[in-house]
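S.K.: Have a look at this fold, sequence not included:
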């Protein structure tokens, strides 16, 4: 979640469509969203996929700050049906419909953290048993070192604490450009057997 450029449009005013007098430069297309680390944020959301074995950005895209990350993940990975074998995501992806759609229709094994106490039905038991194999758990732990830090790396390189532009369409293309720049730099580093983390100078061209 990235804070919107300009002032904050308080939720009570946004719901009523009221822009307080004197509130200039407001990004009216930004949304409110909640982050466990940053609390409530008025701004835009970013979504990324990263390869598990080698830390390289797969995609980096705009999404609504209030959007459903699990649904976004589902919509993106099915594009790679037949290529992607497994996808790992935190407990936000603990959804039976998503799980069985990926597995049965696209042969993609979703691995996520099951919610506590949600193992009563036979379908849930089967889902959890299929997910929590030794290898899947081992790979899931690898997320913490190869996948999760990638967002922080992108934030650091582009100083993405606050959006540079206003509006969904502007930020959509800006974030896409950031993702492509990361991919190019990381792919070049990978081919040269260099760290795909140390790419800031290559991305920024300095």
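M.R.: Received it, and whenever you're ready, just let me know what you need. Since we're looking at a predicted model, the values are computed, not measured. Residues are numbered from 1 along each chain as shown.
S.K.: Kindly provide the distance from residue 124 to residue 171.
M.R.: Distance of residue 124 to residue 171, given as Cβ to Cβ, to the nearest Å: 37 Å. Any C-beta I mention is one placed from the backbone N, CA and C, and that applies to glycine too.
S.K.: Comparing these two, which residue is more hemmed in?
M.R.: Between residue 124 and residue 171, residue 171 has the larger neighbour count (other Cβ atoms under 10 Å), namely 25 against 16.
S.K.: Next, the contact list for the more buried one, please.
M.R.: 44, 62, 163, 165 (Cβ atoms under 8 Å, 6 or more residues apart in numbering).
S.K.: what's the distance between the residue nearest in space to the middle of the chain and residue 76?
M.R.: Nearest to the geometric centre of the chain sits residue 47, at 2.9 Å (Cα atoms, centre = their mean). Distance, residue 47 to residue 76, using Cβ to Cβ: 8 Å.
S.K.: cool, residue 130 as well?
M.R.: For residue 130, the distance to residue 76 - Cβ to Cβ - is 22 Å.
S.K.: and what of residue 123?
M.R.: According to Cβ to Cβ, residue 123 and residue 76 sit 25 Å apart.
S.K.: who's more crowded, residue 130 and residue 76?
M.R.: Using other Cβ under 10 Å, the more surrounded residue of residue 130 and residue 76 is residue 76, with 18 against 14.
S.K.: picking up where we left off before, and the contacts of residue 171, which two are furthest apart?
M.R.: Between any two of those, the greatest separation by Cβ to Cβ is 10.6 Å, found for 62 and 165.
S.K.: These two: which is more packed in?
M.R.: Counted by other Cβ under 10 Å, residue 62 and residue 165 do not tie: residue 62 has more neighbours, with 23 against 14.
S.K.: That one contacts residue 48, doesn't it?
M.R.: No: the criterion here is Cβ atoms under 8 Å, and residue 62 misses it with residue 48 at 10.9 Å.
S.K.: Can you name the next helix or strand after the longest helix belonging to the chain?
M.R.: When the chain is parsed with DSSP state H, its longest helix is helix 168-191. Moving toward the C-terminus from helix 168-191, the next helix or strand (DSSP states H and E) is helix 200-204.
S.K.: Name the residues of that following helix that are buried.
M.R.: Applying a neighbour-count criterion of 16 or more other Cβ atoms under 10 Å, the buried positions in helix 200-204 are 202-203.
S.K.: thinking again about what came up before, spit out the residues that contact residue 47 and residue 76 alike.
M.R.: 59, 61.
S.K.: if you go through the chain in chain order, where are the helices?
M.R.: Using DSSP H, the helices of the chain run over 11-16, 69-77, 96-100, 106, 122-131, 134-146, 148-158, 168-191, 200-204.
S.K.: so where's the protein uncertain?
M.R.: 118 (pLDDT under 70).
S.K.: hmm, back to that, got a markdown table for the helices of the chain, with distance to residue 38 too?
M.R.: Below are the helices of the chain laid out as a markdown table (distance: least, Cβ to Cβ, whole Å):
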| stretch | distance to residue 38 |
| --- | --- |
| helix 11-16 | 16 |
| helix 69-77 | 15 |
| helix 96-100 | 25 |
| helix 106 | 33 |
| helix 122-131 | 29 |
| helix 134-146 | 19 |
| helix 148-158 | 11 |
| helix 168-191 | 17 |
| helix 200-204 | 23 |
